[in-house]
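Q: structure, please.
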Amino acid sequence: MAFFQVRLYRWAYVSSRPPLLPRSHPRRFFAVREVTKRDRGSLVTVHSSAFLWRPSMAAEERLRGEGTEKMPCVAVVLPFLAFLMWFYRSVISEHSSETVEQLKSSPATLDDSLLKPSSFSFSVRDACVAAGQVDAKVFRDGEQPATIMSHLDQFRRNENMCDVVLEVDGQSLAAHRFVLAAAIPYFRAMFGYDVVEAKMDRIILNDISFEALDALVNFVYTSEISINSDNVQSLLFAASILQMDSVCYACQRFMTQLLTTKNCLLIRQFAEQHNCVNLLNSSDDYAVDHFIELRELDEFKLIAFPHLRDLIRRSDLKITSEEQVFESVIDWVESNPCDRKNYLPELLSLVRLPQLNMQYLVDNVRQNKLIKESRECTDLVSEALFIMLSPLKGTPIPVGAALNDECGGQYAAGSTMSIPRPLSPSSQALRSRPRKSVAGVIFCAGGRGTGGDPFRSVEAFDCRLNRWISICEMTQQRRHVGVVSALGKLFAIGGHDGMQHLASAEMFDPREGVGWRRVAPMRTCRRGIAAAALDGAIYAVGGLDDTTCFSTVERYDIESNTWCDVAPMNIRRGGVGVSALGKFLFAVGGNDGSSSLDSCERYDPVLDKWKLVSKMTNRRAGAGVCVLDGALYALGGFDDNSPLCTCERYDPHTDQWTQLANMTFSRGGVGVASMGGLVYAIGGHDGQRYLNTVEAYDPVTNAWTPVTDIKDCRAGAGVAWADCSIDDLLRPFQPDSGYAPSGGNHCI
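A: Below is the predicted model:
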């Protein structure tokens with residue numbers, strides 16, 4: 001009976017009623033006989049209900065609230081008393097002879113056995129060490145942020161726990177203050193500082209539409225926003241005010257896709273007003289690409305001076321002739337001469353006047369009324385005329401009757417004049433260089449790379465977009481090939497195909513829309529030759545085969561498709577560099593069969609005679625040679641077995657070589673060409689590996705800068721500049737077998 005008394009005491013303690021508290025008391029808890037309406041249909045035991053008001057289980061959230069009601073205590077107490085009677089008859093009476101201590105120990109033993117851990121146990125740390133998982137593992141739920149934001153969005157739509165209202169034009173939008181502050185910099189600054197709006201429950205926003213605000217707030221909660229032609233401007237304006245950069249960028253990208261010739265100026269104006277840098281740049285790029293069509297519109301005459309100035313300053317302005325730029329400037333000024341003629345000198349300085357046709361410069365530019373009225377403009381025209389007539393900047397030019405007439409009769413007969421010194425070397429250099437769209441194309445053909453086999457592939461450099469593109473391949477593999485451009489066509493001559501030396505030649509015309517085709521072969525099979533064009537004819541100079549180096553020179557007549565021999569050089573030269581300068585052909589360096597050479601010679605086609613000129617400062621074989629601004633450049637090559645990074649320039653008027661800044665890489669077998677006022681060094685071998693790197697030399701700064709790499713590492717390639725457009729190369733080419741070779745040696 002002692003057991004019954006003890007147990008009854010414990011249950012009685014649990015079931016005892018707590019002290020009554022006023023209904024409004026903050027710590028009035030649910031009692032046994034107070035349950036929610038929704039729990040009325042469920043079974044509530046005395047034991048579990050009692051825990052609702054035990055002090056150890058008390059919590060602030062158990063405060064009595066709405067939705068509770070009192071229920072009769074009998075509903076709970078009577079079943080409990082019936083349970084006690086059953087328990088006494090079935091359990092207590094059976095153990096009446098046992099002592100209280102035995103009854104206490106009996107259930108305790110059972111409970112302890114249930115709570116004891118299993119006899120089979122292991123060390124988690126030891127298991128981690130055995131599995132190699134000593135470091136802690138971080139669990140990340142990638143879906144949790146989206147889930148949280150989804151719930152927050154649902155709260156917002158139900159206006160649940162919203163603590164701020166945004167109002168635009170009398171329309172309201174509820175939201176959560178902390179969400180807005182976390183996602184929108186505008187509200188982060190507003191709520192983060194002690195300003196009036198930070199304490200307001202309702203914030204009125206001006207200058208933006210409610211539809212845009214609703215879409216942006218919805219984007220904050222869902223990370224999705226719909227952009228279309230109807231809302232893109234209002235969204236961009238609102239996102240710009242709220243400093244939501246990601247939405248601004250998305251809207252600008254959408255508007256970029258809407259650019260046309262008719263709207264690009266208006267879109268640019270919108271971008272400038274709202275400080276949309278990406279859209280502004282995209283609009284300018286579109287205007288640069290479509291300048292020819294844009295200048296024909298009436299809206300072009302309405303653009304502001306800074307916009308026009310920035311537009312015609314760009315070297316990547318897409319035109320077909322510089323005359324289009326000059327005429328655009330004149331049309332813009334003449335549309336409002338009173339207000340705009342003062343801008344003419346600055347605008348004219350950005351026109352590449354030396355790139356105009358000389359007859360056009362004299363007849364149209366010099367005779368223009370607005371040009372005549374400005375001394376600064378007439379000086380620019382005179383400078384351009386001097387540059388066009390002078391083979392080298394600063395070189396005295398004899399003044400004949402024709403030139404004196406073109407210059408307004410300001411020079412006495414028999415006198416000389418010099419190009420006036422520009423305000424800065426870079427300004428004159430910029431005016432002297434063609435724009436990239438009319439600068440021509442550099443071709444890199446053949447050569448060989450790491451695999452050892454010669455290439456058939458040909459790459460062309462688009463300087464406007466600073467990229468190399470692959471064009472149709474040659475008809476056969478060629479390394480140490482001579483490549484030259486003449487009359488807008490590209491010729492590949494001689495070389496080695498991996499099996500034998502070649503005499504064959506082939507021609508590619510970018511404007512024809514067909515691929516390479518064979519032309520008449522040379523008389524001699526050879527590799528390491530150099531090719532140059534002079535007075536409409538092509539010269540193949542020097543070279544070597546497996547037994548000897550050659551001094552012979554052959555001339556190719558394009559019209560008759562025939563080769564003939566001309567006077568040989570004074571020295572045998574394999575791996576020679578050749579270029580035409582003025583009325584002469586210059587052969588530079590090479591190898592005579594025993595060592596690299598520093599000697600150079602000049603060919604006069606009128607006399608059919610070679611003459612030695614000043615030696616280079618370095619011996620070079622396999623060097624790259626080209627002409628720029630009336631000077632001859634020799635780059636890289638091999639000094640016997642060592643590749644060179646040195647460069648030098650030859651002045652034909654002083655017959656002297658001058659050392660220049662070294663290239664970034666040593667380059668033997670380098671390909672060289674000039675374009676747009678720069679000298680390009682392409683590929684080569686540095687003594688350890690074949691190169692695909694390209695760098696450009698600027699004579700104004702005497703410095704080299706990297707250019708986009710060619711696709712294949714190659715040395716011994718033929719490199720030449722051609723006066724054609726990169727657009728001619730972007731269309732598909734049809735293969736052409738060409739016409740049958742005639743005359744000469746027909747060895748392959």
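Q: sticking with Glu376, tell me its helix or strand.
A: Secondary structure from DSSP states H and E places Glu376 in helix 375-389.
Q: packing partners of that helix?
A: helix 344-349, helix 369-372, helix 425-432 (3 or more C-beta pairs under 8 Å, 6 or more residues apart in numbering; DSSP states H and E). Where you see a C-beta, it was placed from the backbone N, CA and C, and this is true even at glycine.
Q: can you tell me which of the ones you listed is nearest to Trp516?
A: Smallest distance to Trp516 across the helices and strands packed on helix 375-389 (C-beta to C-beta): 33.8 Å, for helix 425-432.
Q: would you mind finding the most buried of the helices and strands packed on helix 375-389?
A: With neighbours taken as mean count of other C-beta atoms under 10 Å, the helices and strands packed on helix 375-389 reach their highest mean count in helix 344-349, at a mean of 20.
Q: got the contact list for it?
A: Residues outside helix 344-349 that contact it (C-beta atoms under 8 Å, 6 or more residues apart in numbering): 308-309, 312, 326, 329, 332-333, 370-371, 374, 376-377, 380, 427, 431.
Q: one more: stretch 361-370?
A: Counting by C-beta under 8 Å, 6+ apart, 323, 326, 330, 333-334, 337, 341, 344, 353, 356, 371-372, 377-378, 381, 384-385, 388, 406 sit against stretch 361-370.
Q: any of the residues you listed buried? List them.
A: Neighbour counting with 16 or more other C-beta atoms under 10 Å marks 323, 326, 330, 333, 344, 353, 356, 371, 377-378, 381, 384-385, 406 as buried within the contacts of stretch 361-370.
Q: export those as TSV, with columns for pLDDT.
A: Compiled in TSV, the buried ones among the contacts of stretch 361-370 are given as follows (pLDDT from 0 to 100):
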residue	pLDDT
Glu323	96
Phe326	97
Ile330	96
Val333	96
Leu344	96
Leu353	94
Leu356	94
Ile371	95
Cys377	94
Thr378	93
Val381	93
Ala384	90
Leu385	89
Glu406	44
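Q: now these as TSV including distance to Cys713?
A: Formatted as TSV, the buried ones among the contacts of stretch 361-370 follow (distance: C-beta to C-beta, whole Å):
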residue	distance to Cys713
Glu323	41
Phe326	43
Ile330	49
Val333	51
Leu344	50
Leu353	41
Leu356	41
Ile371	51
Cys377	50
Thr378	52
Val381	47
Ala384	42
Leu385	45
Glu406	50
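Q: out of those, what pair is the most spread apart?
A: Top of the distance list for these (C-beta to C-beta): Val333 and Glu406, 24.3 Å.
Q: list just the nearest of the contacts of helix 344-349 to Val288.
A: Ile312 (9.7 Å).
Q: wait, the closest one sits on Glu327?
A: No. Applying C-beta atoms under 8 Å, one finds Ile312 not in contact with Glu327, separated by 11.3 Å.
Q: tell me which of those two has more neighbours.
A: Legend: neighbour count by other C-beta atoms under 10 Å for Ile312 and Glu327, higher for Ile312 (22 against 14).
Q: for the residue nearest to the more buried one when sequence neighbours are not counted, give me the pLDDT.
A: The shortest distance from Ile312 to any non-neighbouring residue, by C-beta to C-beta, 6 or more residues apart in numbering, is to Leu350 (5.0 Å). Listed pLDDT for Leu350 reads 95.
Q: and the strands in the stretch 251-400 of the chain?
A: Using DSSP state E, counting those that start in this stretch, the strands assigned to the stretch 251-400 of the chain run over residues 397-398.
Q: can you list the weak-confidence ranges in it?
A: Residue ranges of the stretch 251-400 of the chain with pLDDT under 70: 391-400.
Q: quick one: mean pLDDT for stretch 548-564?
A: On average, stretch 548-564 scores 96.
Q: ok now that stretch, how far from the chain's centre?
A: 45 Å (C-alpha atoms, centre = their mean, to the nearest Å).
Q: buried ones in that stretch?
A: By neighbour count on 16+ other C-beta under 10 Å, the buried set for stretch 548-564 is 549-556, 558, 561, 563.
Q: now do the end-to-end distance for it.
A: Taking C-alpha to C-alpha, to the nearest Å, stretch 548-564 runs 21 Å from one end to the other.
Q: what about the helices in the stretch 401-550 of the chain?
A: 401-406, 425-432 (DSSP state H, counting those that start in this stretch).
Q: correct me, but the residue nearest to Ile312 touches Arg313?
A: Yes. Using C-beta under 8 Å, Leu350 is in contact with Arg313, at 5.0 Å.
Q: comparing these two, which residue is more hemmed in?
A: More crowded of Leu350 and Arg313, by other C-beta under 10 Å: Leu350, with 20 against 12.
Q: for the more buried one, what are its contacts?
A: 309, 312-313.
Q: could I get these as a markdown table with distance to Leu628?
A: Converted to a markdown table, these look like this (distance: C-beta to C-beta, whole Å):
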| residue | distance to Leu628 |
| --- | --- |
| Arg309 | 28 |
| Ile312 | 24 |
| Arg313 | 23 |
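Q: and those residues, which of them are in helices?
A: In this view, the contacts of Leu350 that belong to helices under DSSP state H are 309, 312-313.
Q: please identify which of the buried residues of stretch 548-564 is nearest to Arg464.
A: Nearest member of those to Arg464, counting by C-beta to C-beta, is Ile558, at 28.6 Å.
Q: follow-up on the earlier one: list just the nearest of the buried ones among the contacts of stretch 361-370 to Asp509.
A: Nearest to Asp509 among the buried ones among the contacts of stretch 361-370: Glu323, at 25.5 Å, using C-beta to C-beta.
Q: if I read this right, that closest one contacts Gln355, doesn't it?
A: No. Counting by C-beta under 8 Å, Glu323 sits too far from Gln355 to count as a contact (9.1 Å).
Q: could you list the low-pLDDT ranges of the stretch 401-550 of the chain?
A: 401-428.
Q: now the strands for it?
A: Using DSSP E, counting those that start in this stretch, strands in the stretch 401-550 of the chain cover 416-417, 441-445, 458-462, 467-471, 482-486, 489-496, 501-508, 517-519, 530-534, 537-541.
Q: ok, which of these comes nearest Arg714?
A: strand 441-445 (7.4 Å).
Q: out of the strands of the stretch 401-550 of the chain, which is closest to Cys248?
A: Of all the strands of the stretch 401-550 of the chain, strand 467-471 sits nearest to Cys248, with 29.2 Å by C-beta to C-beta.
Q: tell me which strands and helices that closest one is in contact with?
A: Using 3+ C-beta pairs under 8 Å, 6+ apart, strand 467-471 is in contact with strand 458-462.
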